[in-house]
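Attaching a predicted model along with its sequence, questions to come.
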Amino acid sequence: MPDSLLRRDYFDEAAKFNRSMEYRSQGEKLNFIPSGLTPLQTATRDGEDKSVGYSSSVTRMTSFGRRMTPRSPDSKTIEGSQDSDEEGTELAHEDEHVDYDPDSRIQGSSSLLPFRVENGNSAQDQNFSAANGKARAGMDLGGNRKVNVALDFHEDSINTEEEEVRKMLRECLDLRNRYVFREAVAPWMKESAAENGTSVVKTDPFYFEAVPATTHCFRMEDGVAHVYANENDTVDLFPVASATTFFTDMHHLLRIMSTGNVRSACHHRLRFLEEKFRLHLLVNADKEFLAQKSAPHRDFYNIRKVDTHVHHSACMNQKHLLRFIESKLRKEPDEVVIFRDGKYMTLKEVFESLDLTGYDLNVDLLDVHADKSTFHRFDKFNLKYNPCGQSRLREIFLKQDNLIQGRFLAEVTKEVLSDLEASKYQMAEYRVSIYGRKQSEWDQLASWFVNYAIYSDNAIWLIQLPRLYNVYKQMGTVKSFQNILDNVFIPLFEVTINPCSHPQLHVFLMQVVGFDIVDDESKPERHPTKHMPKPAEWTNEFNPAYSYYAYYCYANLFTLNKLRESKGLPTIKFRPHCGEAGDIDHLAAGFLLSNNISHGINLRKSPVLQYLYYLAQIGLAMSPLSNNSLFLDYHRNPFLMFFQRGLNVSLSSDDPLQIHLTKEALVEEYSVAAKVWKLSSCDLCEIVRNSVYQSGFSHKAKLHWLGSKYFLRGSEGNDIHKTNVPDIRIAFRHKTWKEEMLYVYSGKASFPKEVEY
């Protein structure tokens, strides 16, 4: 029909409408469209007329996967839908909706993390339904009669397909909640009860207090340690999900990730989050800057920042290592440092055998810095750990299990820790290796820490397990994968049950906060099935898949942590390298099992996993400069996108020896990111705040660094005088996350007041 005819008909019928006011009192639909056309539904307000057919600027079409206006759970489908138009219904929703405040649906603290599903009978739901009931009955919230308010929030916009998407996302989140280890009592609750108002006295970190052994016993069964109350007991005290259950659940997660409608929905939600953040900056960037100006004695330089991912063997920069080598060559040339080719050699003789002198050394000759040749060559990158390309120099200076018991490495470590303490505001979480070749590795590492008094208030430690089963199998060091699990976990259970059996290890574990698995993820691997061989049956020369390593490390850590928690000992979180390269199922396993992960850049390839990592707020310790040398050019790194969308990201240095040029590697990382991506001071401080939350530092330290209420969610837990992050930013992040959770749980989710731990 021509537009002119439509306009003429419209005004003619509008005149009829003005002469027929009785239609208002009767609440009948207005339908003056000429015969032969589908009638359009028109919604009216008091004193205002609107026709849907001529208000295209506000018409909203239903689109799967995009942001929808939340609906009341008790809304009904409009009867006689064959006589109504979808566009008209949607416009009525836009024009006549009752404001939906997600916060009004939030209940009190929940024991389930990060949320719990509520039934529809809560007081808030009843009030909300009552308001909608009045609206549908033609009444406004003040009780006044209204004519025809089309407030059908539920079925019209949320179709069956979208509800199925939400259901699958909820299943994924519930799966994670069933696997991830969380302590029964929050750290802030334990320490508050322990202190009870008394002052805390700083103790000697190397003092061993004899703790009586308990009657617990454990047995390795099918690759997982099972703990019993005593030798005669048959009841497993801390049961954990079996390998078959885990691989079944992981494959279920992978199927959901590959479903087209779920991918589309998650992609749209992530795009929406990104645009929402940009809009927030347009509106509030100046306010955030003014708030930061008003915080005295706080800026980016003097807020606590944690390097959440750095390898201990590469914790110094190349110039630092060069000066240390020159110093030792000058001061201790006659120190016997290595046994090679059937004889003992001094440091001077080692350099003479390499035809080198202290004067010849420079950073280029040292050749430990990553360059173009290491891109997509993890093997060449690992060779950069060898100063001057010589493995003997690595053994002398960067190993703790050598002829001099790691004295040189201990000394350079103390220098690095001294630099950290001098900076005051920089902290680090260093990874040290346990290879699983023999059980004595633990005692050797612990004695190195205790004998050389390796400790700093600015540093804590994680254990990393290189995934090198195939190498050890070819060497004949191990016969099956079970040997590696025995060598790694049996000493940990022994020292937990009876600390006197490994006193130095007991002291060292007080500084250990996490467990990591590392190696080149880009290597091809066989995809696991739900019926995988047991570790004792894994005797071939192929390396097990990443998820196979991840499950057995997780399962043993889960049991170990339950045992340590029952004895009042600190627990060890699972924080693996994950998603730097390789298949997407690495990230799926990480989603189910880990507390935090390192890298995670492959999340850019899976919108479903990326959205799930956002909803679960899993920490990502990202290292763009390291990725730039190995797998991904800096300008293609997804860090900025992740940050804008609200993922829990922090920056870390990874390998200062190979990557960075200055002695403040973490500040260098932030500096490059700020310049390349034009990050504001507020952005930098928010990332720094994330790093402290992700770290394993103690509750007492976080109280001092973040504020006395840091464990509360939202702006209530933020102290701008400690973090230099404005409440506006924290409130925006928290509100946005709550809205997404309400979206996934169809408005029936409530949240605890406290953060995850």
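Arrived safely, thanks for sending.

all contacts plus neighbour counts: C-alpha atoms, from now on.
OK.

What ranges in this structure fall below the confidence cut-off?
1-158, 191-202, 367, 369-371, 373-374, 376-386, 388-389 (pLDDT under 70).

quick check: domain ranges of it?
Per automatic domain parsing, the structural domains of the chain span 3-158, 179-184+210-310+428-522+540-750.

biggest helix in the chain by residues?
Criterion DSSP state H: the longest helix present in the chain is helix 260-293.

list the buried ones in that one?
261-270, 273-274, 276-277, 285, 288, 291-292 (16 or more other C-alpha atoms under 10 Å).

Same question for stretch 573-580.
Lys573, Phe574, Arg575, Pro576, His577, Cys578, Gly579, Glu580.

what's the answer for stretch 503-523, then?
In stretch 503-523, counting by 16+ other C-alpha under 10 Å, buried: 503-521.

roughly how far is it from the heart of the chain?
19 Å (C-alpha atoms, centre = their mean, to the nearest Å).

try stretch 685-704
A distance of 14 Å separates the centroid of the chain from that of stretch 685-704, by C-alpha atoms, centre = their mean.

just stretch 588-607 next, same as before
8 Å.

Can you name the residues in contact with the one helix or strand His586 maps to?
Here His586 sits within helix 585-593, counting by DSSP states H and E. With contacts defined as C-alpha atoms under 8 Å, 6 or more residues apart in numbering, helix 585-593 is touched by 175-177, 179-180, 250, 253-254, 546-547, 550-551, 554, 574, 576, 578-579, 597, 600, 602-603, 609, 613, 618.

Near the residue nearest to His506 when sequence neighbours are not counted, how many other residues are there?
Setting aside the residues directly before and after it, His506 is nearest to Pro499 in space (C-alpha to C-alpha, 6 or more residues apart in numbering), at 5.7 Å. Neighbour count of Pro499, defined by other C-alpha atoms under 10 Å: 22.

Contact partners for Pro499?
Ala210, Val211, Pro212, Ala213, His506.

redo that, cut-off 10 Å
Phe208, Glu209, Ala210, Val211, Pro212, Ala213, Thr214, Leu492, Phe493, Leu505, His506, Val507 (C-alpha atoms under 10 Å, 6 or more residues apart in numbering).

of all those residues, which comes closest to Glu221?
Nearest to Glu221 among those is Phe493, at 13.9 Å by C-alpha to C-alpha.

dump the residue contacts of the closest residue in space to that closest one that isn't next to it in sequence.
Spatial nearest neighbour of Phe493, excluding adjacent residues (C-alpha to C-alpha, 6+ apart): Leu560 at 6.5 Å. Leu560 is in contact with 225-227, 238, 489-490, 492-493, 496-497, 554, 566, 571-572, counting by C-alpha under 10 Å, 6+ apart.

Report the separation between Leu560 and Phe181.
Going from Leu560 to Phe181 by C-alpha to C-alpha, to the nearest Å gives 11 Å.

Give the residues shared as contacts by those two.
What both Leu560 and Phe181 touch, as defined by C-alpha under 10 Å, 6+ apart, is the set Tyr554, Thr571, Ile572.

now these in TSV, with neighbour count, secondary structure and distance to Lys414?
Compiled in TSV, the shared contacts of Leu560 and Phe181 are given as follows (neighbours: other C-alpha atoms under 10 Å; DSSP: H, G, I helix; E, B strand; the rest coil; distance: C-alpha to C-alpha, whole Å):
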residue	neighbour count	secondary structure	distance to Lys414
Tyr554	24	helix	32
Thr571	22	coil	26
Ile572	23	coil	24
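
I'd like those residues laid out as JSON lines, including distance to Tyr634.
Shown next, in JSON lines, are those (distance: C-alpha to C-alpha, whole Å):
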{"residue": "Tyr554", "distance to Tyr634": "32"}
{"residue": "Thr571", "distance to Tyr634": "36"}
{"residue": "Ile572", "distance to Tyr634": "32"}
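
ok, so of those, who is nearest Arg394?
The closest of the shared contacts of Leu560 and Phe181, once distances to Arg394 are taken by C-alpha to C-alpha, is Ile572, at 29.1 Å.

Where does the residue nearest to Phe493 sit: helix, strand or coil?
Of the three states, Leu560 takes helix under DSSP: H, G, I helix; E, B strand; the rest coil.

For the remainder of this discussion, apply numbering that starts at 8.
Noted, 8 is the first residue going forward, which turns the last one into Leu567.

Give me the three-state assignment for Tyr556.
With three-state DSSP as the criterion, Tyr556 reads helix.

and what of the one 3 residues further on?
Reducing the assignment at Tyr559 to three states with three-state DSSP gives helix.

Which of the contacts of Leu567 are buried? Put it as a PyMOL command.
Provided next is the PyMOL selection string for whichever of the contacts of Leu567 are buried by 16+ other C-alpha under 10 Å:
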select buried, resi 232+233+234+496+497+499+500+503+504+561+578+579
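
and Tyr437, helix, strand or coil?
strand.

which helices and strands does the longest helix of the chain pack with?
helix 167-186, helix 250-264, helix 614-623, helix 646-652, helix 688-701, helix 727-730, helix 734-751 (3 or more C-alpha pairs under 10 Å, 6 or more residues apart in numbering; DSSP states H and E).

Could you check how far the residue lying closest to Leu664 once chain neighbours are set aside is from Ile737?
Distances taken as C-alpha to C-alpha, 6+ apart place Asn324 nearest to Leu664, at 4.3 Å, with adjacent residues excluded. For Asn324, the distance to Ile737 equals 35 Å [C-alpha to C-alpha].

same check, this time on Cys507
The value you get for Cys507 to Ile737, if C-alpha to C-alpha is used, is 46 Å.

Make sure Val762 is actually in contact with Phe718.
Yes. The pair Val762 / Phe718 is scored as a contact, 5.4 Å apart, by C-alpha atoms under 10 Å.

shared neighbours of these two, anything?
If you check Val762 and Phe718 against C-alpha under 10 Å, 6+ apart, the residues they both contact are Ala193, Tyr700, Gly724.

how about the second one, what does it touch?
Going back to what we said before, that points to Tyr700. Tyr700 neighbours (C-alpha under 10 Å, 6+ apart): Val313, Thr315, Gly626, Asn655, Ser657, Lys709, Leu713, Tyr717, Phe718, Val762, Glu763, Tyr764.

Same question for Lys574.
Thr221, Thr503, Ile504, Asn568.

This completes my enquiry, with thanks.
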